[in-house]
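Trainee: need coordinates for the following:
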Amino acid sequence: MWNFARARPTAGEWSARHLPSAGDDSFHYNADSISAYLDAARRRVEQSRTDLGGSQDSWVIEGNSPFFLEPENAHGPSRGILMAHGLTDSPFALRDMARFFQRQGFHVLGMLLPGHGT
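Mentor: Numbering: from 1, shown residues only. The predicted structure is shown next:
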C-alpha cells in the first residue's frame, strides 16, 4: 500500500525542483487584450527561466506559458473557461483538459499564476 508520509519529497528534492528565477512573484502587465497578456507572459517566462540554453528551450517556454484556445466548433453560444493550475504546476498541466473543452466548443484561457513557471 502506498504511504504518502513516506513518499513525500525531502527538502533537498524540493529545492532541486524549485530553483530561484531571475524574476519576482509579481506580474506588472499593461495588457489590453488576451494576445498582449500572452505575449508579455511568454517573454517573462523566457527571461526568467534559469535552465534554458538547450535543445528543448521552446518546449520549456511553451509549457510554462499561458495559452488561449479558440473553440473548434464556432457554432452555438459563446462560452469560455478560465483554468488555473495547482500550487507547484504551470499551464502545462492544463493543456490536455483544455483541448477537451476546446473540442466541446469552449474558448479556454490557461493562465499563469504569479511566481509559477518562471
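Trainee: alpha carbons only for contacts and neighbour counts from here, please
Mentor: Will do.
Trainee: then residue 68 would be within a strand, right?
Mentor: Yes - assessed with DSSP: H, G, I helix; E, B strand; the rest coil, residue 68 lies in a strand.
Trainee: beta partners for it?
Mentor: As for beta bridges, residue 68 partners with residue 109 under DSSP bridges.
Trainee: list the contacts for it?
Mentor: Counting by CA atoms under 8 Å, 6 or more residues apart in numbering, residue 68 touches 34, 107-110.
Trainee: kindly report the same for residue 80.
Mentor: Residue 80 neighbours (CA under 8 Å, 6+ apart): 106-109.
Trainee: one step back: quick one: which of the contacts of residue 68 is nearest residue 90?
Mentor: residue 110 (9.2 Å; CA to CA).
Trainee: pLDDT on the biggest helix by length in the chain, on average?
Mentor: Secondary structure assigned by DSSP state H gives helix 34-48 as the longest helix of the chain. On average, the pLDDT along helix 34-48 is 87.
Trainee: and the next element down the chain from that helix?
Mentor: helix 57-64 (DSSP states H and E).
Trainee: show me the two of the contacts of residue 80 that sit farthest apart.
Mentor: Pairwise over those, using CA to CA, the maximum falls at 106 and 109, 9.7 Å.
Trainee: so how far is residue 71 from residue 61?
Mentor: 23 Å (CA to CA, to the nearest Å).
Trainee: sorry, wrong one. I was asking about residue 113.
Mentor: The value you get for residue 113 to residue 71, if CA to CA is used, is 23 Å.
Trainee: ok, residue 81 next?
Mentor: 11 Å.
Trainee: who has more neighbours out of the two?
Mentor: Using other CA atoms under 10 Å as the criterion, residue 81 and residue 71 rank with residue 71 on top: 20 against 15.
Trainee: residue 98 is in contact with the more buried one, correct?
Mentor: No - using CA atoms under 8 Å, residue 71 makes no contact with residue 98, being 10.2 Å away.
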